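Q: Let me see the structure of the following:
(chains A and B)
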Amino acid sequence: MSLLHRTDDRHDDLPELTPEQLAELDALDAALLGDEIADDALATLVRDVRAAAPELGTEGTQTLNDRLGVTLDPAAGRKALRSRLRPGGLLHGPGAVAATMLVVVALGGGAFVLTTGGSESGGGVLQSLNTGDDSADQAASAPSAGSAMPEERAETVLDAGGASSSDSSAAVERDSAAPSSQRLTPSAEIDQFSNRLQGATVTTPRGPVDADRTAGRAVERSVDLTVRVKNGGLPDAGRKVASITRRSNGYVASSEMNLGAAGAGTATFVLRVDSPKLDETIDRLSGLGTVTGQSALSQDITGTLDSAKQQLADARKAREALLKALSKATTEGEIASLRARIAANRRELARFDAGVRRVERRADLTTITLSMDAPAKGDPTADDGSWSLGDAADDAWSALRAILGGLLVAAAVIAPFALIGGAGYAVWSRRRRAARERTLDT
Amino acid sequence: MARPRRPTLQFDALYRESRADLFAYVVSVVGDRATAEDVVAISFERAYSKRRAFNPSRGTPRQWLFGIARNAALDELRKRSRRATPVADAGMHVADGAHAHDAAGDERADAIRAAIGGLHPRDRELIALKFFAGLSNEEIAGTLGITEGNARVRMHRALTALREACA
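A: Predicted structure coming up:
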């Protein structure tokens, strides 16, 4: 038996035992095992103390067995013991509480991620549409190419307060006799947006708004439209763009088309179309494929037009005055001077007239910048509206990521509480242990 | 190569081998038979519910069981807020009458019980763990949550106190 050398006692720093004391303890252990020892007194003490030990007895044993559900039949002992005693494991006690909390928080975190984080690109059930802003920007859903675009196109709705939201509707009423409809056509939204910027009163529209409703104001509009056509469909789409533009009393200001291999390519058109026909032109162009982007810009040029007209009017008045003066001229000098001034005025008139026409033309025609692209065959970003096994796999992966994100959120939520709880439990456990020990000292 | 599995605690055997010793120990701590029976039952219930958590690297099954019983007994004392009465005063059943009564032996046993009952509760607990339960010094240390060296020192002090009380 080695001497005691440890002094790192959990409680008091007790002095080490002497060899004699250690030998006495060894003799005690030997006596308890039934071995003969030299210390008769110790041997007698061991015998007497063990004889005085409280006995459970037959009755006490039976009581204990009954309480615990144990039979004395060895064969049935194991099963009987388990029938009464409470099963342990994770399904009970603090483990059950913790597991339940984890499941609840994980489900909550997953639901949170699914409802707010579904801004994935591509198709599938988790794709969320843009929910709109205060501009006239629109993000359409994915209609099939060649389908009836007006019924499937998302539109930005402007209410009386100027707030906007997007709604992908199945059927968009464009009937001017639909007084309950609050939807605006692109030209109307441009006008209303412009009016809001100018501080004008915005009224609830009763139907499609054309340039006549903006009588007295000149607005220059431009629209950017991005359309994706099917693979190999760019040449045919280009021909249709030209046809649509002509029907809109417009013209193609510029065009550029780049065709790649296997039917892929891009094309850009700058179109100038009659402003009153803007809505139907946009509809027809959107019908060439899938609209993937649209934006509109408007600029009120009424002041510029009024200024140009005023200049022209002033020049005309000046001409009248000069002609009147010429009729009253008597000398050759006066006549020559007046004729020179009339000639200069004529040139001014022409310039101002051209200026007015130019400004009016800016309002009469809307510029549409049309960008088209055709994806290559097998392009995963090309969405033709069908739902394939690949789409299912994408959706499954998105769902799995959402669930993992939810679990991560749950872990982040639980971790601080777990740390605090763990620290609190450690403190409580230590205090309980100390309280138990104090019981023996009271 | 398969990872060696943790030996399964043979709870049934542990129960049958330890119930009498556990009762004797608990009586020494709480002081009365009825309470001791309750504490022993509670101890086995707790041990059964935690049997899968038993780790043999941290001690023997008896050490683990007596540790559970110790906590249960101390909790009972705290709950009742009473001092552990000497074992001799409890008037416990010593034998079930299977053997012929020895007047001298009974007198000696009563004296021993009185001596044990007069010890400090910590010494009495150590005597019970060593003499009644037969735990080794290492097992006693694990049960009390102290070092083995400290356990030996305390054991010797308790033995000395017992010798003096029985003298």
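
Q: make it CA atoms for all contacts and neighbour counts henceforth
A: Will do.

Q: what's stretch A:357-368 in contact with?
A: A:218-225, A:250, A:269-276, A:278, A:301, A:304-305, A:308 (Cα atoms under 8 Å, 6 or more residues apart in numbering or on different chains).

Q: Please repeat the previous calculation with a cut-off of 6 Å.
A: Contacts with stretch A:357-368, where a contact means Cα atoms under 6 Å, 6 or more residues apart in numbering or on different chains, come from A:218-224, A:270-275, A:305.

Q: Of those residues, which is the nearest to residue A:429?
A: residue A:224 (69.5 Å; Cα to Cα).

Q: Regarding the closest one, what is its secondary structure?
A: Assigned with DSSP: H, G, I helix; E, B strand; the rest coil, residue A:224 falls in the strand class.

Q: I'd assumed residue A:295 was in contact with it.
A: Yes: Residue A:224 is in contact with residue A:295 according to Cα atoms under 6 Å; the separation is 5.2 Å.

Q: give me the low-pLDDT residue ranges for chain A?
A: Within chain A, the segments meeting pLDDT under 70 span A:1-13, A:70-98, A:106, A:109-110, A:112-215, A:378-386, A:442.

Q: Which members of the contacts of stretch A:357-368 occur in strands, if any?
A: Using DSSP state E, the members of the contacts of stretch A:357-368 that fall within strands are A:219-224, A:270-274.

Q: Can you pick out the most distant pair from those residues?
A: Longest span within the ones in strands among the contacts of stretch A:357-368, Cα to Cα: A:219 and A:270, 18.7 Å.

Q: Looking at these two, which is more packed in?
A: residue A:219 (26 against 18; other Cα atoms under 10 Å in any protein chain shown).

Q: which ones are touching the more buried one?
A: A:299-301, A:363.

Q: The same query, at a cut-off of 8 Å, please.
A: Under the contact definition (Cα under 8 Å, 6+ apart), the residues listed for residue A:219 are A:191, A:298-302, A:362-363.

Q: tell me which of those is nearest to residue A:330?
A: residue A:302 (43.8 Å).

Q: what sits against that closest one?
A: Contact analysis of residue A:302 by Cα under 8 Å, 6+ apart lists A:216-219.

Q: before we move on, what about residue B:142?
A: By Cα under 8 Å, 6+ apart, the contact set of residue B:142 is B:59, B:63-64, B:67, B:148.

Q: So which of these is the closest to residue B:23?
A: Closest to residue B:23, out of all of the contacts of residue B:142 and judged by Cα to Cα, is residue B:67, at 13.3 Å.

Q: tell me the contacts of residue B:19?
A: residue B:40.

Q: Just to be sure, it is in a helix?
A: Yes: per three-state DSSP, residue B:19 lies within a helix segment.

Q: Pull up the gap between it and residue A:303, please.
A: 104 Å (Cα to Cα, to the nearest Å).

Q: do residue A:403 as well
A: In terms of Cα to Cα, residue A:403 sits 57 Å off from residue A:303.

Q: I'd like the next helix or strand past the worst-scoring helix or strand of chain B on mean pLDDT.
A: When each helix and strand of chain B is scored by mean pLDDT, DSSP states H and E, helix B:103-117 comes last, with a mean of 84. Next helix or strand after helix B:103-117 toward the C-terminus (DSSP states H and E): helix B:121-127.

Q: Just the mean pLDDT for that next one, thanks.
A: For helix B:121-127, the mean pLDDT works out to 94.

Q: Let me know the next secondary structure element after it.
A: Per DSSP H and E, the first helix or strand lying C-terminal to helix B:121-127 is helix B:137-144.

Q: gap between that following helix and the chain center?
A: 11 Å (Cα atoms, centre = their mean, to the nearest Å).

Q: The next helix or strand after it vs helix B:137-144, what angle?
A: Proceeding N to C from helix B:137-144, the next assigned helix or strand is helix B:148-166, under DSSP H and E. Orientation of helix B:148-166 against helix B:137-144 (axes from the mean of the first three to the mean of the last three Cα atoms, to 10 degrees) gives an angle of 100 degrees.

Q: list the buried ones in helix B:148-166?
A: B:148-156, B:158-159, B:161-163, B:165-166 (16 or more other Cα atoms under 10 Å in any protein chain shown).

Q: neighbouring contacts of that helix?
A: A:4-6, A:9, A:14-17, A:21, A:25, A:45, B:111-112, B:115-116, B:118-119, B:123-124, B:126-127, B:137-138, B:140-142.

Q: In ChimeraX, how would I select the buried members of those?
A: In ChimeraX, this line selects whichever of the contacts of helix B:148-166 come out buried by 16+ other Cα under 10 Å:
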select /A:4,16,17,21,25,45 /B:111,112,115,116,118,119,123,124,126,127,137,138,140,141,142
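
Q: domain parsing for chain A?
A: With domains defined by automatic domain parsing, chain A comprises A:1-53, A:131-304+A:361-377.

Q: Quickly note the distance from residue A:220 to residue A:361.
A: Separation of residue A:220 from residue A:361 (Cα to Cα) stands at 9 Å.

Q: Comparing the two, which shows the higher neighbour count?
A: Between residue A:220 and residue A:361, residue A:220 has the larger neighbour count (other Cα under 10 Å), namely 22 against 15.

Q: Distance of the more buried one relative to chain B?
A: Going from residue A:220 to chain B by Cα to the nearest Cα, to the nearest Å gives 80 Å.

Q: looking at it, residue A:242 is touching residue A:253, isn't it?
A: No: using Cα atoms under 8 Å, residue A:242 makes no contact with residue A:253, being 10.4 Å away.

Q: The two: which has the busier surroundings?
A: The residue with more neighbours, out of residue A:242 and residue A:253, is residue A:242; 17 against 13, by other Cα under 10 Å.

Q: residue contacts, the more buried one?
A: Here residue A:242 is in contact with A:251-252 (Cα under 8 Å, 6+ apart).

Q: Need the three-state assignment for it.
A: Of the three states, residue A:242 takes helix under three-state DSSP.

Q: What angle do helix B:137-144 and the host helix or strand of residue A:24 make with each other?
A: Here residue A:24 sits within helix A:19-32, counting by DSSP H and E. Helix A:19-32 runs at 90 degrees relative to helix B:137-144, counting by the same axes, to 10 degrees.

Q: secondary structure class for residue A:266?
A: strand.

Q: and it, bridged to which residues?
A: Going by DSSP bridges, residue A:266 is paired in beta bridges with residue A:258, residue A:373.

Q: and residue A:298, that's in a helix?
A: No: per three-state DSSP, residue A:298 lies outside any helix segment and is strand.

Q: so how far is chain B from it?
A: Taken as Cα to the nearest Cα, the span from residue A:298 to chain B is 75 Å.

Q: thought that residue was touching residue A:275?
A: No: shown here, residue A:298 and residue A:275 do not form a contact pair, counting by Cα under 8 Å, at 11.7 Å.

Q: When these two are compared, which one has more neighbours?
A: Neighbour count, other Cα under 10 Å: between residue A:298 and residue A:275, residue A:275 has more, with 25 against 21.

Q: need the residues of the stretch 301-442 of chain A near chain B, please.
A: By the rule Cα under 8 Å from any Cα of the partner chain, the part of the stretch 301-442 of chain A lying against chain B is A:436-437, A:439-442.

Q: Cross these against helices and list the overlap.
A: Among those, DSSP state H puts A:436-437, A:439 in helices.
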